[in-house]
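A.B. asks: Test case, fold it:
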Amino acid sequence: MTPVLNAAPVIPKPQNSPFVSFLKSTKEREQLEEEITTLRYKTSFYGKKIPLWIRGPVYNTDKIKECLVPHDLKRRLGIYSMAEERHVHKAIRDVLIAKEKWTRLHWFMRLSIFQRAASLLEKKYLVKMVAAVMEDYSKTPYEAFIDVQELIDFWRFNSYYAYTIYTEQPDSNTDTQNMLDYRPLEGFIFAVSPNNFVAINGNLSTAPLMMGNVVIAKPSSDVVYSFNLVLEILLEAGLPHDVLAVLYGDSKMIGDIVLDHAMLSGVHFTGGTETFKEIRWRVAQNEYNNKYQNFVRIVGETGGKDFIVVYDDHDPLQTAAAIVVGGFGAQGRKCSATSRVYMTEKMWTKVRPRLERFMRMIKVGDVADFKNYMGAIINKREFVKITDYIERARISVQKIKPPLSSIDYSVDEVLGGFYRKDRGYFIEPTVIVTKNPEYETMKEEIFGPVVTVCLLPKEKFENGEVLKICDRTSPFALTGAVQTNDIYQFCEGLDELRYAAGNIYNWKTTGAMVNAQPFSGARMSGTNSKVGWRLNLYNWVDARTISLTHVKPEDFAPPYFDPAELG
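C.D. replies: So this is what the prediction gives:
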């Protein structure tokens, strides 16, 4: 029985989690190096056995898979159980049973779990989680930390945003008391998360949970190890064992069962555009055939082809730095990664030497070596896809005759672009230079350390045509930047690129912070639901208006009615 609470508690607005530098000789650096050594020793033989989670751990010894380390393919972090159809059906059944009790829990008590989880992650598990993300995602200490930091911020700020939603109420007067009851959705939420951010993995599942929903989570098979640690932190923070089910394994099999269930009420997704389209199509067909109890809320973030438009008056050193940070940080495996850059040939002559100097400084390898700026690509499939783009660009530069029908020969040069897979999936920073704004790497998402620089005539910058080219080139609309010192040019860019990006900056395309830069995009980049702010949470509640009349009228007639005339 849920206790009755006669209190209206306040959740104060939090601050972003403090930055940890891991500088040499600091306590945090020593702790991280020690944790990595311990982690590698513990997982050097068999690794951790990771179960499914359905009201508790469920081990499936018949179907298991390895958690591989992208930068050291001879090692594994663990082995995990894969779900079968029976597990999916049980997971749905169990979370729906748990729903009523979870829904009736006082919202403050529910949110206190995630505030506690944020504190546990920030204080007790910070170094352990950073090390896990480094090994699981092949992220450098800096990239791993800001990823973990974002998850801390998601849990803290989403708790605060939920509080502001519950306390935001309509007007009342002396005759009526009005209120909004923010109910969880009726069924369950399906959270499908990607292989590039632990923060996204944690947020997709927990944002609906905070609002009183129950969740079936399907994390990417590439990052099971770190997701399991997220789950352990949530359980230690007090999350009931039955409100979140975690399924690993065959995405299609799991998705087919979950998406066809009558009580599916929402999908929280981050991943590939084509996969998102398939989910939406499946849901639309089921809605048309009256399979669901409600219309399904679909919230998704997909790909990006993120741009920088550079004007001649911008500082070339700042431009080079933006390309490196945005394009090569975390191996370019961010949906917000800088991928296409527009500038004049004159500007390129200034940017190129600075960019090449930065690229020569970048080392690629084991993320535990603090001298490395980049780690490995997450899996073989992505490695092959990225290197295929690089090889086609190299062939294009060579202008082989007779021409190959499958090659566009409009690439002028390729800077960097070396790769190897002797121990892990390593690709060095790559810059493709072209004068063709329609070249394939100007349009298609690559999700790797490949940036294409398109050189256009100066008049296209002066007459604004570059902005129109940028707007129409790619189907995506996630992030972008306009680099200029001319405020009129910058505002023209904001206007012409109004629908080309959900987040737009004046320097780089990456680095959105929770509560500071609400993040997401539209067009083929998703539903622009703005994670890192309160807008996302509205998707996971169903508002009910309640109105109480203090003195109920005893007559139906309006004032101008004369009873005598009514007879």
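A.B. asks: Can you show me the helices along the stretch 351-500 of the chain?
C.D. replies: Using DSSP state H, counting those that start in this stretch, the helices found in the stretch 351-500 of the chain span residues 380-398, 440-443, 458-462, 465-473, 487-496.
A.B. asks: Show me what the next helix or strand after the last one is packed up against.
C.D. replies: Counting by DSSP states H and E, the element after helix 487-496 in chain order, helix or strand, is strand 503-505. In terms of contacts (3 or more Cβ pairs under 8 Å, 6 or more residues apart in numbering; DSSP states H and E), strand 503-505 is packed against strand 479-483. No exception for glycine: its C-beta is placed from N, CA and C like everyone else's.
A.B. asks: Show me the contact partners of the strand it packs on.
C.D. replies: Contact with strand 479-483 is made by 304, 306-311, 314, 318-319, 322, 326, 336, 338, 470, 489-490, 493-494, 497, 500-510, 512, 521, as judged by Cβ atoms under 8 Å, 6 or more residues apart in numbering.
A.B. asks: just to revisit the earlier point, from the helices of the stretch 351-500 of the chain, which stretch is densest packed?
C.D. replies: Mean neighbour count (mean count of other Cβ atoms under 10 Å) peaks for helix 440-443 among the helices of the stretch 351-500 of the chain, with a mean of 20.
A.B. asks: mind giving me the domain split of this protein?
C.D. replies: Domain ranges of the chain: 27-302+526-547, 306-516, per automatic domain parsing.
A.B. asks: Need those in CSV (columns: distance to residue 564 and mean pLDDT).
C.D. replies: Below are the domains of the chain laid out as CSV (distance: least, Cβ to Cβ, whole Å; pLDDT from 0 to 100):
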stretch, distance to residue 564, mean pLDDT
domain 27-302+526-547, 28, 97
domain 306-516, 63, 97
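A.B. asks: Please identify which of those domains is closest to residue 18.
C.D. replies: Minimum separation from residue 18 across the domains of the chain (Cβ to Cβ) falls at domain 27-302+526-547, 8.4 Å.
A.B. asks: Now do the end-to-end distance for that closest one.
C.D. replies: Using Cα to Cα, to the nearest Å, the end-to-end distance of domain 27-302+526-547 comes out at 57 Å.
A.B. asks: so how far is that domain from its chain's centroid?
C.D. replies: Centroid displacement of domain 27-302+526-547 relative to its chain, using Cα atoms, centre = their mean, to the nearest Å, is 12 Å.
A.B. asks: Centre-most residue in the protein?
C.D. replies: Nearest to the mean C-alpha position of the chain, counting by Cα atoms, centre = their mean, stands residue 200 at 4.3 Å.
A.B. asks: Turn the domains of the chain into JSON lines, including distance to residue 553.
C.D. replies: As requested, the domains of the chain are arranged in JSON lines below (distance: least, Cβ to Cβ, whole Å):
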{"stretch": "domain 27-302+526-547", "distance to residue 553": "10"}
{"stretch": "domain 306-516", "distance to residue 553": "47"}
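A.B. asks: between these, which one is nearest to residue 19?
C.D. replies: Taking the domains of the chain one by one with Cβ to Cβ, domain 27-302+526-547 is closest: 7.3 Å.
A.B. asks: so what's the backbone phi/psi at the residue nearest to the centre of the chain?
C.D. replies: Residue 200 adopts backbone torsions of phi -70, psi -40, taken as degrees, to the nearest 10.
A.B. asks: if you skip the residues just before and after it, what's nearest to it?
C.D. replies: Spatial nearest neighbour of residue 200, excluding adjacent residues (Cβ to Cβ, 6 or more residues apart in numbering): residue 270 at 5.1 Å.
A.B. asks: re the thing from before, and the contacts of strand 479-483, which are buried?
C.D. replies: Listed as buried from these are 304, 306-311, 314, 318-319, 322, 326, 336, 338, 470, 489-490, 493, 497, 500-505, 507-510, 512, 521; burial here means 16 or more other Cβ atoms under 10 Å.
A.B. asks: The residue nearest to residue 43 when sequence neighbours are not counted: neighbour count?
C.D. replies: Spatial nearest neighbour of residue 43, excluding adjacent residues (Cβ to Cβ, 6+ apart): residue 77 at 4.9 Å. Using other Cβ atoms under 10 Å, residue 77 has 24 neighbouring residues.
A.B. asks: Could you do the one 5 residues further on as well?
C.D. replies: Burial of residue 82, expressed as a neighbour count using other Cβ under 10 Å, amounts to 20.
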